[in-house]
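**Student:** any chance you could fold what I've pasted below:
(2 chains)
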2 protein chains.
Amino acid sequence: MTSGGSASLASVQELETRFLKACVDALGADRFVTGAVDKQPYLTDWTGEFTGDAIAIARPRRTEEVAALVKLCVEYGVQIVPQSGRTGLAGGAIPIGSGPSLVISLERMNAIRSIDSSSRTAVVEAGVILEVLHDAVLKHDLVFPLTFGAKGSCMIGGALATNAGGSNVVKYGTTRELCLGIEAVLPDGSVINGMTGLRKDNTGLDLKDLLVGAEGTLGIITAAVLKLAPRPTARATGFLALGSLDEALDTLNAIQDRTGGAVEAYEYMPQPMLDAICRAFPQTSLPLTGDVGTGILFEVASTRPSDAEMMDEGGTRLESELLAELEAQMENGAVLDAVIASSERQRDDLWRMRESVLESIQHAGPYYTFDLSLPLGRVAEFVAKMDVAAKDLGFAPLVIGHLGDGNLHYALSAAEGVDFHDLSLDAAKAAAFDLLADLHGSFSAEHGIGQSKLGLMDGMKEPAQLAAMRRIKQALDPQNLMNPGKLIPGVEARP
Amino acid sequence: MTSGGSASLASVQELETRFLKACVDALGADRFVTGAVDKQPYLTDWTGEFTGDAIAIARPRRTEEVAALVKLCVEYGVQIVPQSGRTGLAGGAIPIGSGPSLVISLERMNAIRSIDSSSRTAVVEAGVILEVLHDAVLKHDLVFPLTFGAKGSCMIGGALATNAGGSNVVKYGTTRELCLGIEAVLPDGSVINGMTGLRKDNTGLDLKDLLVGAEGTLGIITAAVLKLAPRPTARATGFLALGSLDEALDTLNAIQDRTGGAVEAYEYMPQPMLDAICRAFPQTSLPLTGDVGTGILFEVASTRPSDAEMMDEGGTRLESELLAELEAQMENGAVLDAVIASSERQRDDLWRMRESVLESIQHAGPYYTFDLSLPLGRVAEFVAKMDVAAKDLGFAPLVIGHLGDGNLHYALSAAEGVDFHDLSLDAAKAAAFDLLADLHGSFSAEHGIGQSKLGLMDGMKEPAQLAAMRRIKQALDPQNLMNPGKLIPGVEARP
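**Tutor:** Sure, this is the predicted structure:
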């Protein structure tokens, strides 16, 4: 395709018309959104950073319809953009600027096909909204532990495509680890059915883990078998002030051992982040007085009935054992101060504080956020060095982290009295990326690459890994039609 | 290569001589075993079922040496057979019959590079023996939870290549889930270094999970970052007699909930298996009297100090809560009889019984074993139908299973008074594979495909999945030199 003279434009339009007619002939007109205004919501996402264009938005209802659409795209050379909730942060579900595209929205494939209480699995389609699944499995006294801010609108397909993370990964793993099997349409229109729900299956290459996290570049995941967990019956939530990030890691290990691995969240919230929250939400009552230094919001949860028993000294057994550990950690000097929520309201306050982080960063003015991860033992070093580098450049760092996973959302806002746009974001990025390279960290821990970070891949990923990714991509999608311009840089279509 | 006339034989010999000279020039003679007698141990494995030939056995000491060897193999068109402990059950580490091969043994790459107590990770090379790693991490009060019969001689490289399972998968996952990152030499001799140990990293396709379980067909894993777990301080081991396999699954869930997910092993041992053990080891004292029907050997373990506390009524808290659950399950009729080991000696007796299974099956005479898995909810149906089919054909089934994973090692021996060789094993296999297809099971749960099950792939795997595997294999290994004739059937070298 060229964007050249009128003849070529006419031929593009003619191809698009023929393609759309073939699509409608195959699936029926009610499966497509074609009007310019109606298409608009599907051509941008939550961030608003990326927009694209598409011949149409297809909204198939069945896997065979997805396969038929992919085959037509291959026949006509039309790019395929799989899409579900459009809550991604990297532009992965939005068409790129060049070449004719078909958006395939999975939103109508939204059935929870089954929930099996004995096997503790759910079979769900890609268009199921995460929170809808949460509610459905709760009726069986089970939980699907994946959770993050966008749960009310993000869909399972996108969570799988991006291998989404969130705050419960420390206990339950990422989306990849929560997925036992997938059904997917490959770039040639063939369908793979890996929906067995097997816990062990060593018969060939691991296509499931390859497609999960591939951001739709190797195929369209249409359904999945997901692991469920029993619903906890006892819970304790609290906040810690610690001397350092290294001590925070040791304290996490100690709490894990004391509670038998019950930690569901261990969220790093240092004092500057708390200050930003108080500026944005002045009615916030902080859990601890004074400077918390290395602050941690934590939650432990257990299914053990004995953990919900009330103790003579007050509180549940889970709270009592947690308290004993925190006292031990205060005695050895790692924990400086601590509080455990003593009511559901106090717990809600803690989580409300956590959930107001994004708005608080936005309230602080223009900002840029890194989604990075480090080996657990290198987090402290990264934060110490990056804080210095950022401040030297005139930035005020605002950091929130899933510390149990070594995952930091490190935001740069402008220091007081400084205009963000006068600062050198490029210098700050260079400092961060150099540090990540030194400390063997990742520049995209859980948000993925999409369009927004594609330009970083060549500089940050090992050439041998990039080459292998390209070869796999070209082998499965020789025409480079499946979500092109995302995740893997420098992919060329084979003639 | 042809095995034809003398001219072509001479040219093969000449190529092998030149290749070996180039290898020795590059790495030094001490890296190679070339004598016919000295090579012999490397040309067969524990099963003795497969033997092959190789120009030489290379025993590199460093990753760069492995890379140099692979590049020479590519240059000379020599097949590469990665090998570590040779304890695999599918012939995956033994050269196939055709074409000149180089065995690359990882046995000298046996360093535990580091153990990090805070991050709870170990960095190990492929030639580390599993039990050596167990012992090393125990000194840090940590465990590497992967364990199975061959632990004293199997090596980490082979465990990763086959995604090994074992009896602790129900709690800790398979080898793939225990591995945070790998270093590997790809079929073109390039090295990928994914040894970051990150818990979250969404920067590209998941090469780690693709190479783990690829049985050396996509590259040679030379080192890995492995997850460690805290050492349990309380433990309870016992045996259950249950009414049915479905009730065994519900009871597993109940014990998990009661103990906060503390189940480390849940091994199915039905009465005929116990009978076989008693015949092979007449001094065995069975844990329960009478017919146990659906027998289960189980173990729960906890790091919680409170679980090791002694209760007023005797026993630890963990035992006491477990007992309460078993009483509840006896009241509702699922559990018919139960015993918890009250001494270390009783615990050892239970595990000795479990570990004598293989010898007991062998003692029963000639046999054939399936390594299969089913969705958890379909195990009961499979066993019921397969038992009938096997008995109808004159077989006596001897079954042991990792029930929490839906994984059965289903052995067929001859019924009493029948000669195994008079029975139709083909008919029994057909019955098993038909049932597996019906119930969405796997014909290789944890042992892999190697050579022994390669012939089953075309019939049992979905064509679309096979096609995708072949494309990936050809993309990364266009000459088909990396462990050819294993795992993926019908791979052709590109010219």
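
**Student:** output stretch A:457-464 in PDB with nothing but the alpha carbons.
**Tutor:** The C-alpha trace of stretch A:457-464 is given here as PDB (Å, rounded to 0.1, in the frame of the first residue of the first chain):
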ATOM      1  CA  MET A 457      13.000  -2.700  22.400                       C
ATOM      2  CA  ASP A 458      16.000  -2.400  20.100                       C
ATOM      3  CA  GLY A 459      18.100  -0.600  22.700                       C
ATOM      4  CA  MET A 460      17.000  -2.600  25.700                       C
ATOM      5  CA  LYS A 461      16.500  -6.200  24.700                       C
ATOM      6  CA  GLU A 462      19.300  -8.500  23.900                       C
ATOM      7  CA  PRO A 463      19.800  -8.800  20.100                       C
ATOM      8  CA  ALA A 464      19.700 -12.600  20.200                       C
END
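
**Student:** what's the top helix by length along chain A packed up against?
**Tutor:** Criterion DSSP state H: the longest helix present in chain A is helix A:6-27. Contacts defined by 3 or more C-beta pairs under 8 Å, 6 or more residues apart in numbering or on different chains; DSSP states H and E place helix A:6-27 against strand A:32-33, strand A:56-58, helix A:63-76. Every residue, glycine included, has its C-beta placed from N, CA and C.

**Student:** now that helix against helix A:63-76, angle please.
**Tutor:** Calculated by axes from the mean of the first three to the mean of the last three C-alpha atoms, to 10 degrees, helix A:6-27 forms an angle of 160 degrees with helix A:63-76.

**Student:** now do helix A:6-27: distance to the chain's middle.
**Tutor:** Its chain's C-alpha centre and that of helix A:6-27 lie 36 Å apart, by C-alpha atoms, centre = their mean, to the nearest Å.

**Student:** looking only at pLDDT, what's the mean for it?
**Tutor:** Averaged over helix A:6-27, pLDDT sits at 89.

**Student:** how about stretch A:289-301?
**Tutor:** 96.

**Student:** report the buried residues of it.
**Tutor:** Neighbour-count burial for stretch A:289-301 flags A:292, A:294-301 (criterion: 16 or more other C-beta atoms under 10 Å in any protein chain shown).

**Student:** going by distance to chain B, which of these wins?
**Tutor:** Closest approach to chain B among the buried residues of stretch A:289-301 (C-beta to the nearest C-beta): residue A:301, at 9.4 Å.

**Student:** and that closest one, its phi and psi?
**Tutor:** Residue A:301 adopts backbone torsions of phi -150, psi 150, taken as degrees, to the nearest 10.

**Student:** that one and residue A:120, how far apart?
**Tutor:** For residue A:301, the distance to residue A:120 equals 16 Å [C-beta to C-beta, to the nearest Å].

**Student:** sorry, back to before: how about the helices and strands packed on helix A:6-27 in JSON lines, adding distance to residue B:252, mean neighbour count and mean pLDDT?
**Tutor:** JSON lines is the format used below for those (distance: least, C-beta to C-beta, whole Å; neighbours: other C-beta atoms under 10 Å in any protein chain shown; pLDDT from 0 to 100):
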{"stretch": "strand A:32-33", "distance to residue B:252": "47", "mean neighbour count": "20", "mean pLDDT": "98"}
{"stretch": "strand A:56-58", "distance to residue B:252": "43", "mean neighbour count": "26", "mean pLDDT": "98"}
{"stretch": "helix A:63-76", "distance to residue B:252": "32", "mean neighbour count": "20", "mean pLDDT": "98"}
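
**Student:** nearest residue to the residue of the stretch 251-400 of chain A found nearest chain B other than its sequence neighbours?
**Tutor:** Nearest to chain B, among the residues of the stretch 251-400 of chain A, is residue A:376, at 4.0 Å (C-beta to the nearest C-beta). Excluding its sequence neighbours, the residue lying closest to residue A:376 (C-beta to C-beta, 6 or more residues apart in numbering or on different chains) is residue B:119, at 4.0 Å.

**Student:** for residue A:104, list the residues it contacts.
**Tutor:** By C-beta atoms under 8 Å, 6 or more residues apart in numbering or on different chains, the residues touching residue A:104 are A:58, A:60, A:66, A:69-70, A:80-83, A:220.

**Student:** among the residues you listed, which one lies nearest to residue A:98?
**Tutor:** Nearest to residue A:98 among the contacts of residue A:104: residue A:81, at 12.6 Å, using C-beta to C-beta.

**Student:** which parts of the helix or strand where that closest one lies are buried?
**Tutor:** Using DSSP states H and E, residue A:81 sits in strand A:79-83. Neighbour counts using 16+ other C-beta under 10 Å place A:79-83 of strand A:79-83 among the buried residues.

**Student:** over to stretch A:274-282?
**Tutor:** By 16+ other C-beta under 10 Å, the buried positions in stretch A:274-282 come out as A:274-278, A:280.

**Student:** mind putting those residues into a markdown table with distance to chain B?
**Tutor:** Below are the buried residues of stretch A:274-282 laid out as a markdown table (distance: C-beta to the nearest C-beta, whole Å):
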| residue | distance to chain B |
| --- | --- |
| A:274 | 24 |
| A:275 | 27 |
| A:276 | 24 |
| A:277 | 24 |
| A:278 | 29 |
| A:280 | 27 |
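
**Student:** now render those residues as CSV, adding pLDDT and distance to residue A:253.
**Tutor:** Below are the buried residues of stretch A:274-282 laid out as CSV (pLDDT from 0 to 100; distance: C-beta to C-beta, whole Å):
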residue, pLDDT, distance to residue A:253
A:274, 98, 24
A:275, 97, 29
A:276, 97, 29
A:277, 98, 28
A:278, 97, 31
A:280, 98, 33
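
**Student:** switch the residues you listed over to CSV; also include secondary structure and distance to residue A:88.
**Tutor:** Formatted as CSV, the buried residues of stretch A:274-282 follow (DSSP: H, G, I helix; E, B strand; the rest coil; distance: C-beta to C-beta, whole Å):
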residue, secondary structure, distance to residue A:88
A:274, helix, 28
A:275, helix, 30
A:276, helix, 25
A:277, helix, 25
A:278, helix, 30
A:280, helix, 25
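
**Student:** so what's the closest residue in space to residue A:57 that isn't next to it in sequence up against?
**Tutor:** Distances taken as C-beta to C-beta, 6+ apart put residue A:33 closest to residue A:57, at 4.0 Å, once the chain neighbours are dropped. Counting by C-beta under 8 Å, 6+ apart, residue A:33 touches A:39, A:42, A:56-57, A:59.

**Student:** point out where chain A drops to low pLDDT.
**Tutor:** A:1-7, A:495 (pLDDT under 70).
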